[in-house]
Each structure stands twice: as C-alpha cells, then as structure tokens.
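K.L.:
Task: produce atomic coordinates for the following.
(chains A, B and C)
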Amino acid sequence: MANPKKLQKLPRSFYSRDSLIVAPELLNKVLRCHDGRAGRIVEVEAYRSDDPAAHSYRGRTPRTEVMFGAPGHMYVYFTYGMHWCANAVCGPQGVGNAVLIRALQPIAGLDLMHAARPLAKNDRQLCNGPACLTQAMSITKLQNGVDLVSGDRYALVDDDVPPPERPVQTTRIGISKAMDYPWRWYVGESLYVSKK
DNA sequence: TGTGCGATTACG
DNA sequence: GTAATCGCACAC
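P.N.:
Numbering: from 1, shown residues only, chains lettered A, B, ... in the order given. The predicted model follows:
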C-alpha cells in the first residue's frame, strides 16, 4: 500500500452519513481481508430506500435486514442464481442506505485472489465487477452482516490516498428502475473499473 | 404454492 | 447476442 504506516479503519461515523455522500468518498479507500488480500475501491454505486432500484425500496424483508441495520456493516446479496455482491451499509440505522462496491484495483495478495478466481486471465480481470471482486476476495453469504469497523476479517481502511478530485459520475449499471439517477462514481484514470 | 426476475458474468 | 442458475418477493 502507499503508506503502510498510516492505515486506519474507517470509523463508524464515516458510514453514518447518506450513501450519496459516502459513495464518492469511498473511492480510493481500501477493502482489506485478514489474509492479506486488499484492493483499492475504484467504482461505487449509491442505493437508498427512497430509490426504486434499491433492494430496500419495498421495506424490510429477510434479505434486506442487514441493509436496514447499523452503518458500517457489509450487506451481501445473491443475484442471477450464481453471484454475490458486496455493499457498505450507510446512513442512520433503520433507513436502508448502502453503497455497492463495483470494482477494486488489486494491491495485495494477488496470488490468493487468482486462486479464488481462476477465470481471471490477468490482474485487471480479478476485481473489475461487483461479482468478480467478491470471488477474488472470497465474499459470500457468510460475510453478510460482518462489521467492517470492529470486525477483524474484512475492513475498509484509509491509507491516505484521497478520493479523486473529479470522479466520473454516471448513471448506474444493470438496473431497470431509476435508470436516470446519476449515482455511480468511478476513478476516471483507473484501468480497473467494470465499464467506462 | 407458484412464478418471474434480477445492483452479473463468461463465452460464442 | 445470450445461456447459466436459484433465492427472493409478491401474486394467486
């Protein structure tokens, strides 16, 4: 990492704000696994309970229980019969905000990532999509609800690389509702985003 | 109890 | 362009 001596977990207060605020600030933060795997967040999308595209839009259900829980926890959902996607729960508890992590630039433990995701033909294909990065980082339903602040298996950390001054902002990918909301952000210079 | 559909990916 | 694949949410 850029500054190994300055690594601090994002505090609970970071997550307790609206996901529209948190999402662009998560760019360039680091998702770290206890076994050494780590990747820099280069693409995110915000979801909210007043947002027709959000899982939380129709209220609390068994699936979205974590999304309505305390901020700073990981909301992992299953989709298309085979894929897992990871979010950071944001906003006040009970509201249903989250930020979907859509792509990482792998920065450590790349050998372990390749082992966990053998279909990736190169480093760029390890984490360039929401379901790709969960494979590379071994995130499944077992991680649904883990605490990113006080837990020791997965954490989001700040290594003093600031978010980009001018992140690229676009509409979100792969949704069929609220398609006009410009709630996707990515690092424009990054080679590791899912789509440009 | 039944059914349509994904916050996707990989391959032809 | 499209098959793969299954749990969930909601209709019946």
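K.L.:
ok, A:Glu45 touching A:Tyr186?
P.N.:
No. Assessed by CB atoms under 8 Å, A:Glu45 is found out of contact with A:Tyr186, at 9.4 Å. C-beta here means a position set from N, CA and C on the backbone, and glycine is covered the same way.
K.L.:
Name the residues contacting each of these two.
P.N.:
Residues touching both A:Glu45 and A:Tyr186 by CB atoms under 8 Å, 6 or more residues apart in numbering: A:Arg102.
K.L.:
can you tell me which residues contact the residue nearest the centre of chain A?
P.N.:
For chain A, the residue sitting closest to the mean C-alpha position, by CA atoms, centre = their mean, is A:Ile101 at 2.2 Å. Applying CB under 8 Å, 6+ apart, one finds that A:Ile101 lies in contact with A:26, A:31, A:41, A:43-44, A:86-88, A:130, A:133.
K.L.:
Now do the SS call for the nearest residue to A:Asn28 once chain neighbours are set aside.
P.N.:
Of all residues not flanking A:Asn28 in the chain, A:Val161 sits nearest, at 4.6 Å (CB to CB, 6 or more residues apart in numbering). Under the three-state scheme (DSSP: H, G, I helix; E, B strand; the rest coil), A:Val161 adopts coil.
K.L.:
just the one 3 residues further on next, same as before
P.N.:
For A:Pro164, the secondary structure call by three-state DSSP comes out as coil.
K.L.:
Can you get me a residue count around it?
P.N.:
17 (other CB atoms under 10 Å).
K.L.:
Could you do A:Arg12 as well?
P.N.:
Other residues close to A:Arg12 by other CB under 10 Å number 15.
K.L.:
before we move on, the earlier item: state the pLDDT value of the residue nearest to the centre of chain A.
P.N.:
A:Ile101 is assigned 98 on the pLDDT scale.
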